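Enquirer: coords please:
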Amino acid sequence: MRKVRLADVAAVAGVSMKTVSNVVHDYPHVTPEMRRKVQQAIDELGYKPNLTARRLATGKTGMIALAIPEIDHPYFSELSRYIAEEASARGYRVLVEQTLSNPAAERAVLNDREAGVVDGVIFHPVSMNSMEVARLKRDVPVVLLGESTMPVTADHVMIDNVVAAQEGVAHLLAQGRRRIAFLGVVEGDVTGSTDQRLLGYQQGLVDARMPLDPRLILSVTDFTPEESARAVREALEAGLGLDGLVCRDDRFATGALYALRTAGVRVPEDVAVVGWDDTELGRWATPTLTSIAPDKRELAATALQLLGERIDGYQGIGRHRIVSHSLIVRESAPVAAAVLSS
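Expert: Reported below is the predicted structural model:
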């Protein structure tokens, strides 16, 4: 089939090629009726703007990249949707790139692999530390996500993981839980999130003047529900007597729920469980999962706002934004759940 041209759209819409170009480039002075007419012709013909030509004409491609560690991780899947929706509302399309936390892949993101293809990048680094990020020279605007410490020169959006973990612990303590475990510390973990969530868990116990029992910090070898289930099963077999769990994410929490159920331990009566990320996994778990919920919509909107300002020419020092979070209380750790006497 012959490629649809700008002239074809103009002919079907009954307007000039200049008018079609104005609509494609989203110029504000086009009337709503004219925009509707041209868009109808574009949809009818399946016209796809030439990104190279658009870049030459405007200096922009109308595309941004989203670089995340894992596409199939429930949290990143849901966050990607919000970012795509917020980007679309701002006239951008999103190119999603998976790094698998590989250092070379992460460096490539900041070494301008996307230069000339996208106008900016939203990037969640895992393996790269603050100094590596600061040293890399880049021409494409970047906004960073995640819990790792980032340089003051970079825009960075995150939640306060330490405070959120403290709130999770406080919720369990308020329900009478006194043997609260943290699930878990991951062997070889290079993410900043686990360390911050563990710190918040410990600080929450210290705030309540509860003893810190290192045996209640459960270790796993990787980030799978299978590993979290094994860790909980071994804790039960060791007789640790835990009555609450704060989990580093919902995947760990679902593994914990499975291990507790198969061991005949009741949730929440015997052990109350708090997850993290408030993903679809937890909303449909049995029982449904109480979870610390980053405001993914606010996170996406904030990242897009900062990136848009960079694309439009902002050259100032990096902005660090803390977005809101909440504790979504469900069946696994409800308010005033019954607690068995020990």
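Enquirer: any idea how far residue 272 lies from residue 200?
Expert: As judged by C-beta to C-beta, to the nearest Å, residue 272 and residue 200 stand 17 Å apart. Heads up, the C-betas are built off the backbone N, CA and C, glycines and all.
Enquirer: ugh, wrong one, residue 31
Expert: Separation of residue 31 from residue 200 (C-beta to C-beta) stands at 53 Å.
Enquirer: and residue 48, what is it in contact with?
Expert: Residues near residue 48 by C-beta atoms under 8 Å, 6 or more residues apart in numbering: residue 4.
Enquirer: Please repeat the previous calculation with a cut-off of 10 Å.
Expert: Residues near residue 48 by C-beta atoms under 10 Å, 6 or more residues apart in numbering: 3, 4, 24, 42.
Enquirer: Residue 120 now?
Expert: By C-beta under 10 Å, 6+ apart, the contact set of residue 120 is 60-61, 63-65, 87, 92, 114, 140-143, 303-304, 306-311.
Enquirer: let's see it at 6 Å
Expert: 64, 141, 307, 311 (C-beta atoms under 6 Å, 6 or more residues apart in numbering).
Enquirer: any idea of the pLDDT on it?
Expert: pLDDT, the model's per-residue confidence, is 92 for residue 120.
Enquirer: what's the neighbour count on the residue lying closest to it once chain neighbours are set aside?
Expert: In this structure, residue 120 finds its nearest non-sequential neighbour in residue 141, 4.1 Å apart by C-beta to C-beta, 6 or more residues apart in numbering. Neighbours of residue 141 under the rule other C-beta atoms under 10 Å: 22.
Enquirer: Residue 141 against residue 309, yeah?
Expert: No. Assessed by C-beta atoms under 6 Å, residue 141 is found out of contact with residue 309, at 8.7 Å.
Enquirer: rewinding a little: among the contacts of residue 120, who's most crowded?
Expert: Most neighbours among those, by other C-beta under 10 Å: residue 64, with 28 neighbours.
Enquirer: how close does that one get to residue 186?
Expert: Shown here: residue 64 relative to residue 186, a distance of 31 Å by C-beta to C-beta.
Enquirer: Give me the mean pLDDT for the strand or helix carrying residue 21.
Expert: Under the criterion of DSSP states H and E, residue 21 resides in helix 17-24. For helix 17-24, the mean per-residue pLDDT is 82.
Enquirer: Identify all contacting residues around it.
Expert: Here helix 17-24 makes contact (C-beta under 6 Å, 6+ apart) with 6, 7, 9, 10, 30, 35, 38, 49.
Enquirer: per-residue confidence for residue 56?
Expert: As predicted, residue 56 sits at a pLDDT of 49.
Enquirer: so residue 273 bridges to which residues?
Expert: residue 245 (DSSP bridges).
Enquirer: residues contacting it?
Expert: Residue 273 touches 245, 253, 256, 267, 332, 333, counting by C-beta under 6 Å, 6+ apart.
Enquirer: and the first one, how many neighbours?
Expert: Just to be clear, that refers to residue 245. By other C-beta under 10 Å, the residues close to residue 245 number 32.
Enquirer: now it: how far from residue 287?
Expert: Residue 245 is 13 Å from residue 287, by C-beta to C-beta.
Enquirer: just the last one next, same as before
Expert: Relative to residue 287, residue 333 is positioned 9 Å away (criterion: C-beta to C-beta).
Enquirer: ok, those two, which is more surrounded?
Expert: residue 333 (27 against 17).
Enquirer: quick one: what helix or strand has the more buried one in it?
Expert: Using DSSP H and E, no helix or strand contains residue 333.
Enquirer: if we can go back for a sec, mark which of the contacts of residue 120 are part of helices, please.
Expert: 307, 311 (DSSP state H).
Enquirer: Please produce TSV containing the contacts of residue 120, extended by pLDDT and distance to residue 178.
Expert: Output for the contacts of residue 120, formatted as TSV (pLDDT from 0 to 100; distance: C-beta to C-beta, whole Å):
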residue	pLDDT	distance to residue 178
64	94	48
141	91	49
307	96	45
311	91	52
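Enquirer: Measure how far stretch 4-22 is from the centre of its chain, please.
Expert: What separates the centre of stretch 4-22 from the centre of its chain is 40 Å, taken as C-alpha atoms, centre = their mean, to the nearest Å.
Enquirer: typo on my end, stretch 274-281
Expert: Relative to the chain's own centre, stretch 274-281 is displaced by 12 Å; criterion: C-alpha atoms, centre = their mean.
Enquirer: Pull the residues that contact that stretch.
Expert: With contacts defined as C-beta under 6 Å, 6+ apart, stretch 274-281 is touched by 74-75, 78, 168, 246-250, 253-254, 282, 289-293, 328, 333.
Enquirer: follow-up on the earlier one: which residues are in contact with the residue nearest to residue 120?
Expert: With contact taken as C-beta under 6 Å, 6+ apart, residue 141 is in contact with 120, 310, 311.
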